[in-house]
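In: Predicted model follows, preceded by the sequence.
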Amino acid sequence: MKPAAFAYCAPRTLEEAISLLDEHGYDAKLLAGGQSLVPLMNLRLARPTVLVDINRVDGLAFVESGDEVVRIGAMTRHHTVATSSEIRGASPLLSHAAGHIGYRAIRHRGTLGGSLAHADPASELPCVAVTQSATVRVTGSAGERTIRADELFLAEMTTTLAPDEIVTSVAIPRIRPDEGWGFREFVRKVGDFAVVMAAALLRVADGRVASARLGLGGAEGTPRRVTEAEQALVGSVLGAETIEKAARVAAEAVEPTSDIHGSADYRRRLVHAMTRRALQDALGRLEAGHG
Amino acid sequence: MSYRKQPKLLGARVRRVEDPRFLMGKARYIEDIELPGMIDAAFVRSPFAHAEILSVDVSEALAVPGVIAALHGQDLSGRVKPTVCDAISDGWQSSEFPALAIDRVRYAGEAVAVIAADNRYLAEDGAALVDVDYEPLTPLASVEAAQEPTAPLLHKGWKGNYFYRDRHAGGDPDLAFSNADGVLEIELATRRHGGIPMEGRGCIAVYDPIERVLTLWSSTQIPHLIRSELANCLGLPENRVRVIAPDVGGGFGPKSHLNPEEVAACVLAMDTRRPVRWIEDRREHMLACFHSREHYHKARVAYSEEGEVLALSAEVTVDCGAYSVYPWTAALDPGMSLFIMPGPYRIRNFRCETLAVATNKCPYGAYRGVARSANCLTIERAMDAVADALGMDPVEVRKRNLIRDEEFPYTSVSGFVYDDTSLIESLDKVCAEADYEGMRERQRLAREKGRLLGIGVVTFIEQTAPAVDEGVPINFRYDSALVRLDPSGSATVQLGTHSHGQGHETTIAQIVADQLTIPLDQIRILYGDTQQTAQGIGTFASRTAVVAGGAAHIASGQVRDMLAERGAHLMEAAAEDVELVDGRVTVRGSGTRGLSVAEVARATYYHPELFPFGWSPLLEAAGTFDAGHGTYANASQIVLVEVDPETGAVEILEYHIVEDCGRMINPTIVEGQIHGGVAQGIGGAFFEELIYDEQGQLLTTSFMDYLIPGPTELPDFRISHLETPSPTSPNGIKGVGEGGAVAPYAIMAAAVQDAIRPIGNVFVNELPLTPERVLGFVDRAAGRTDREARRSG
Amino acid sequence: MDDVLRQGVEIRLTVNGRKHREVVEPRLLLADFLRQRLGLTGTHLGCEQGVCGSCTVVVDGETMRSCLLFAAQMDGSGVETIEGLADDPDRLHPVQQAFWDHHGLQCGFCTPGMVLTAKALLEENPEPSGAEIREALAGNICRCTGYVFIVDSVKAAAETMASNAPRGESP
């Protein structure tokens, strides 16, 4: 299990990196944290001939707090996402989910942008990004554009990024003080890939659910919001019954994948359980008075 | 002559003497050895489970700069003998296992060709360019597929796709079944998994063409046995073959085989005249390091109204994969099942039929607790089933059937002579340690709150350092030790066994130190090099403390007697009047200081003139210990688990163990062995499964797909000891290496079944208990059909 | 193309306090660089997929998997391996000493990664609970011990380090 040979470039600027990607097209691969890419290279399932390492590109690792969003540089490591007080203050949901990624040594190296671009359906950050309607800023030879998270993920391990585009930052909307959040995932062992995860974000006004966001990961080829379940929640009085109903709606709405980690039927049942628990957590946080 | 009767070190919690090199990163595992001119090998492995090889073209690989050599099956044909490892039985069918597949591959991952290059990166580059033309054949990816009447035969001259079939009967099972109050039938399955040490396999082969000596460094548990078969395959005399096992990063059974890759590496070394290293990577390990544990059992159990098991009739089928492996043969698991299934119970009527099926899967080898875990599962689940049928407590039903203390030595229905154990005492003790009654009460209270708590109980007896005299190509009854005292009075002990985590550099030294009454740091334990140790067998089957410990005890006792005799002579005393205490030979009752061991040793080696002519100036002795058919350890365990009925996840809340491995040399090391064994058993009970698809493709080739429990998946095990000395072995020692791994399969099946009892009754009979399988049992308990289960999601 | 692919990358890095200047093939994994080029064979490869933790080293102060990093990326970095902790059995790091005293190892293959991970935990959290220790070591697989004595070892090391620490300072 040793990687095939490749040429190594470590550009210092984004422009350099993009021109390298532009030049080599599909033969090139971007190396961010490498915690998903390098295992594939070791197995020779990925065999880029040019590896463009963006760890030395300036300006890609930052946290910028705004009124509406927190903007996080793409090369920000998972460990920082999990522990930065600025990020935790803006989206405790994102921080919490980042703490579930792999193991500590993996989180020290893996990056937010890398995770989104890798588009593993069982990854935590894509699920949260979709749930929170994060926007992803990318730069390529054609210039800069902003993509809504739910438009980024095309299929399992596939995004709408062009080969020469680099994720540069992600804007996560701030979770408001009157919102409650919950995140649950089912893993067979700690640090292993989640079989199914659910992220929930609820706001209650005048005793009724004013807005609801429910995202699922691991169940299907891409993370997605379950609008059917969200609609079932909005306008209702939040309680065990409405939560159970929403969880059932979510379980019926998904078309789960099937593999050695879980059959489609099993995943559907996990969607039910994880959704209910994530919603209960969100309710609990609302009741405790902190989002 | 006498010596200290009270051992100082036997039973002491001595810190391990071997640890600093491991803690400091200075151990020497196979991959750490660098030799001048060494090249690295990478194997080309079959992508098909079953195929004809039409052609192999290595020319493109050889063109890669840095690639030195290539070999494929045809190159070895006629030059290297394939491994033929046969059980001696009328029901046996012989087969050949070539080092590199010649005209046919029989499992996905089988080595077809090998490339050697300046480094492993280049070797893999070369291997990727080897062009093999395959003609796929029907893959036989399961026991059922292999037994289809239309299935192609896997080996030449076979009558059906099996290596071995056999039967055994004792008592009169038919009569017992017809007279029984009740009869129940159960079926059980344990899925394929394996030992999976953290260090994979690996070897370095070096050929010296002048001395005509082949040296193989191998990450192995059995250097001497490897030497014998390697010499046989290559047609070399054994005195020209040297096998060295350096530090080994975990064994557990998977490293107790001759590997085809090792034979190929030796040929490459002989051809290239360069040291050739092969380091197995994890993917290769999952594909091609011999698997274990795939048992399918059917059992009928006859019982009385009082809960006595009157008869047991079983069919055991094992999926043994594609080849019979050296030195175990494919009869290893199925053959052992014929005798061990009745376990610790007074079952007087027993019949067992066994079948070793050949399939297109990785060959089947040894793994910690060979055949025991599956047989423990069957007999313990049978006990639970009888308890359920009669509404009895599982502890009570066991007590009614366990062999009683006064019955030892007890000849089992299958012919084993069990010597002293503490079966009922261990069960009583574990019930007390776990507060079994209190645990049942806590379970009842939890159930009232809707929580699903389950309790499992298991008792087992285990033949440690086992050997059989019939049917096997090699009888493993003994091992050896050579103890040598040097002129400074320090001792060197050479063992025929190997230590790869068990701590023998400490425990064997504890035994020798007590005999010679010298400090532990005056003793060095050497092992692992066939050229520098006595002939030995190796480390497996919970045998080393018994057989190597016994041999070291005997040999060092002989050296002790020589010391006393020579010391007596120097002091002009009668030999029977001297004693050896704290490293000094003294005349008993004289009040004098006498002579130190070093003084006697120095005089013996350097002043032969002080002794009568003809006395040997060497203070050394070789000892062997033959443990016969082995010693009998026993244990009882109780577990408390909680099942999440929505996800199928199982949490282990408490795990209580009472182990009796006879006299303990070092209780801390004993506990470490138990912890590790139970952890592996829990792996097999919940996490570990080598999954093949219908085409015979292994789907679990990485640690992302094959899950090994980590610290967050395992509880704090609580261990108590009993010490019933073995009447067979010196110091009363029994083996303990495997015991931990025997019970978790049965205990977890029982506990999960008990947990979901409030939902309904179901018989948990298939492992590993993945969350999805647990939910399947929950559904069956609830009487839900598959369709309903889906809807409830 | 082969020439381009194998074109070496020059790196300067510090390993266990010693400065090195080396030219490496781009695909050379950090673990292989440490083992083969520098002879630091205490870093072990157990899976090459980042799961088992045997190859854990400390890069610029943080634990990382040396099987998932290329040596070429290490220019300017400081790397600490197990060999950097002690050069004599009489001067072991408290974590090493505790593993020795509490039978925290058997075959020893996972031990270097385990020790470095435990050391990093204790530097951040001097008084971890049993659950916190298990959580911190979740990415390090040991196949021998069942982890009980490893957890005991880390607890003991925490006590030693706390009592060794000068008053008024965090250990």
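Out: Arrived safely.
In: Any stretches of the chain with poor pLDDT?
Out: Here I'm looking at chain A. A:290-291 (pLDDT under 70).
In: look at chain C instead
Out: C:1-6, C:166-171.
In: can you give me the strands in it?
Out: Remark: strands assigned in chain C by DSSP state E are C:9-15, C:18-24, C:56-59, C:62-65, C:78-80.
In: closest one to chain A among those?
Out: Nearest to chain A among those is strand C:62-65 (4.2 Å), distances taken as C-beta to the nearest C-beta. Glycine gets a C-beta too; all of them are placed from N, C-alpha and C.
In: and the residue of chain B nearest chain C?
Out: Closest point on chain B to chain C, by C-beta to the nearest C-beta, is residue B:25, at 1.8 Å.
In: I meant to write the stretch 1-150 of chain A there.
Out: For the stretch 1-150 of chain A, C-beta to the nearest C-beta, closest residue to chain C: residue A:103, 2.6 Å.
In: Which elements pack onto the biggest helix by length in chain A?
Out: Ranked by residue count under DSSP state H, the longest helix found in chain A is helix A:264-288. Packing contacts for helix A:264-288, counted by 3 or more C-beta pairs under 8 Å, 6 or more residues apart in numbering or on different chains; DSSP states H and E, involve strand A:179-187, strand A:194-205, strand A:208-217, helix A:240-253, helix B:771-781, helix B:786-792.
In: what do you get if the cut-off is 10 Å, keeping everything else the same?
Out: With contacts taken as 3 or more C-beta pairs under 10 Å, 6 or more residues apart in numbering or on different chains; DSSP states H and E, helix A:264-288 sits against helix A:92-98, strand A:179-187, strand A:194-205, strand A:208-217, helix A:227-233, helix A:240-253, helix B:771-781, helix B:786-792.
In: most tightly surrounded among these?
Out: strand A:194-205 (a mean of 26; mean count of other C-beta atoms under 10 Å in any protein chain shown).
In: anything in that strand near chain B?
Out: Yes: contact of strand A:194-205 with chain B (C-beta under 10 Å from any C-beta of the partner chain) involves A:195-196.
In: Would you mind getting the angle between that strand and helix B:771-781?
Out: 80 degrees (axes from the mean of the first three to the mean of the last three C-alpha atoms, to 10 degrees).
In: okay, the angle between strand A:194-205 and helix A:240-253?
Out: 140 degrees.
In: who does strand A:194-205 pair up with?
Out: Sheet pairing for strand A:194-205, assigned by DSSP bridges, gives strand A:179-187 (antiparallel), strand A:208-217 (antiparallel).
In: Centre of the chain to the longest one, how far?
Out: Counting by C-alpha atoms, centre = their mean, to the nearest Å, strand A:208-217 is centred 16 Å from the centre of its parent chain.
In: same deal with stretch C:149-161?
Out: Stretch C:149-161 sits 17 Å away from the centroid of its parent chain (C-alpha atoms, centre = their mean).
In: how about it as CSV, C-alpha atoms only?
Out: Output of stretch C:149-161 as CSV, limited to C-alpha atoms (Å, rounded to 0.1, in the frame of the first residue of the first chain):
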residue,chain,number,x,y,z
PHE,C,149,-4.0,-1.6,31.8
ILE,C,150,-3.4,1.2,29.3
VAL,C,151,-6.1,3.3,30.9
ASP,C,152,-4.5,2.5,34.3
SER,C,153,-1.1,3.5,33.0
VAL,C,154,-2.4,6.9,31.7
LYS,C,155,-4.1,7.6,35.0
ALA,C,156,-0.8,6.7,36.9
ALA,C,157,1.2,8.9,34.5
ALA,C,158,-1.2,11.8,35.2
GLU,C,159,-0.5,11.5,38.9
THR,C,160,3.2,11.3,38.4
MET,C,161,3.2,14.3,36.1
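In: anything in it near chain B?
Out: Yes: Stretch C:149-161 is in contact with chain B by C-beta under 10 Å from any C-beta, via C:149-152, C:154.
In: okay, now the domains of chain C?
Out: Domain segmentation of chain C under automatic domain parsing yields C:2-84, C:89-164.
In: Kindly reformat the ones you listed as CSV containing distance to chain A and mean neighbour count.
Out: Listed next are these as CSV, based on distance: least, C-beta to the nearest C-beta, whole Å; neighbours: other C-beta atoms under 10 Å in any protein chain shown:
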stretch, distance to chain A, mean neighbour count
domain C:2-84, 3, 21
domain C:89-164, 3, 22
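In: mind putting the ones you listed in TSV, distance to residue B:694 included?
Out: Listed next are the domains of chain C as TSV, based on distance: least, C-beta to C-beta, whole Å:
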stretch	distance to residue B:694
domain C:2-84	26
domain C:89-164	30
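In: Which one, of these, ends up nearest to residue B:612?
Out: domain C:89-164 (44.4 Å; C-beta to C-beta).
In: Show the end-to-end separation of that closest one, please.
Out: Start-to-end span of domain C:89-164 (C-alpha to C-alpha, to the nearest Å) is 18 Å.
In: what's the answer for stretch A:84-94, then?
Out: Stretch A:84-94: ends 11 Å apart by C-alpha to C-alpha.
In: What residues sit buried inside it?
Out: By neighbour count on 16 or more other C-beta atoms under 10 Å in any protein chain shown, the buried set for stretch A:84-94 is A:84, A:87-88, A:90-94.
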